[in-house]
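>>> sequence and predicted structure, then a few things I'm wondering about:
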Amino acid sequence: MNGQQLIDRVRMKTQDLSNTKFWSDEEILFNINEAMKEAAVRSELIYDKSSLITVIPSVIDQAGYSLDPLIFLVKKVRFNGKLLEEVKIEKIDRYSEEMYTTGDVRLWYVDQDDKLYLYKKPSLVADIQLEVFRLPNPITTEDECEIPLIFQDKMLSWAYKLCYEKLDAEVSRPELAAFFDNEFSKVFPPKSSTQWKKQRRSTENCVRYYRF
């Protein structure tokens, strides 16, 4: 569905169909975009390995690279076509001189500053190719929603929740906001605090200790 169709769904569900609207189209569209982001993060719905944000040109002797704000979890990294191994940030000896050398790139990690770091620093210019989970692009009334169609109706529960949380005596309905929060969480379970701390980082197969 596109943005306008989603707005119409929200108005139908909330019975906001009179000439005097409780919510403007802009308010509803904002809530829909928030719902898209919440669903995408909780259930990792958008896997991307081919868009422009998944390719970063390397710079000789530069270890750190900023990630696009849409990216919230990096799964795989290739340098010049070669698949690199992820290393946990906790396993890195930052005081090792070798940590800051230039040479064969073989490891990667995402630091607390949400930058991607390579070890060793590149000695040539090449593409850093990512496979990531990302947020959806914000939509206007004409844009198609990137959330898979099968999840779009359930996703809107978060938009209903936000609508009923509006600080307005005519529309504020805490009991309905709580109901739709629960309905949303049935399909898109909340992440634990530990999972949120690992946002942007994959921790699969990272069991070695590295001293560079």
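Received it, and whenever you're ready, just let me know what you need.
>>> what segments of the chain are strands?
Counting by DSSP state E, the chain has strands at residues 47-48, 55-57, 64-66, 71-79, 82-83, 85-86, 102-103, 107-110, 115-119, 121-122, 127-134, 200-201.
>>> which one of those strands has the lowest average pLDDT?
The weakest mean pLDDT among these belongs to strand 200-201, with a mean of 46.
>>> okay, the strands of the chain in TSV with distance to Lys21 and mean neighbour count next?
In this view, the C-beta of every residue, glycine as well, is placed from N, C-alpha and C. Shown next, in TSV, are those (distance: least, CB to CB, whole Å; neighbours: other CB atoms under 10 Å):
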stretch	distance to Lys21	mean neighbour count
strand 47-48	36	15
strand 55-57	43	13
strand 64-66	40	13
strand 71-79	33	20
strand 82-83	52	12
strand 85-86	49	16
strand 102-103	60	12
strand 107-110	43	21
strand 115-119	43	19
strand 121-122	55	20
strand 127-134	33	21
strand 200-201	38	17
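>>> quick one, the longest helix along the chain and strand 127-134 angle?
Secondary structure of the chain per DSSP state H: the longest helix is helix 25-43. Interaxial angle of helix 25-43 relative to strand 127-134 (axes from the mean of the first three to the mean of the last three CA atoms, to 10 degrees): 110 degrees.
>>> name the helices or strands packed onto helix 25-43?
helix 3-13, helix 149-164, helix 174-187 (3 or more CB pairs under 8 Å, 6 or more residues apart in numbering; DSSP states H and E).
>>> just send these back as TSV, with mean neighbour count too.
Putting those into TSV (neighbours: other CB atoms under 10 Å) gives the following:
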stretch	mean neighbour count
helix 3-13	18
helix 149-164	20
helix 174-187	14
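>>> between the ones you listed, which gets nearest to Asn137?
Minimum separation from Asn137 across these (CB to CB) falls at helix 3-13, 11.4 Å.
>>> output the contacting helices and strands for the closest one.
helix 25-43, helix 149-164.
>>> just to revisit the earlier point, same list (the strands of the chain) but as CSV, adding distance to Phe180.
Shown next, in CSV, are the strands of the chain (distance: least, CB to CB, whole Å):
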stretch, distance to Phe180
strand 47-48, 27
strand 55-57, 38
strand 64-66, 36
strand 71-79, 23
strand 82-83, 42
strand 85-86, 37
strand 102-103, 53
strand 107-110, 33
strand 115-119, 36
strand 121-122, 48
strand 127-134, 25
strand 200-201, 28
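>>> residue ranges of each domain in this structure, please.
3-45+136-191, 47-134 (automatic domain parsing).
>>> what's the least confident stretch among these?
domain 47-134 (a mean of 90).
>>> on that earlier part again, looking at the strands of the chain, which is nearest to Leu149?
Proximity to Leu149 (CB to CB) singles out strand 47-48 among those, at 16.2 Å.
>>> Ile71 contacts Lys115, correct?
No: with contact defined as CB atoms under 8 Å, Ile71 does not count as touching Lys115 (11.2 Å).
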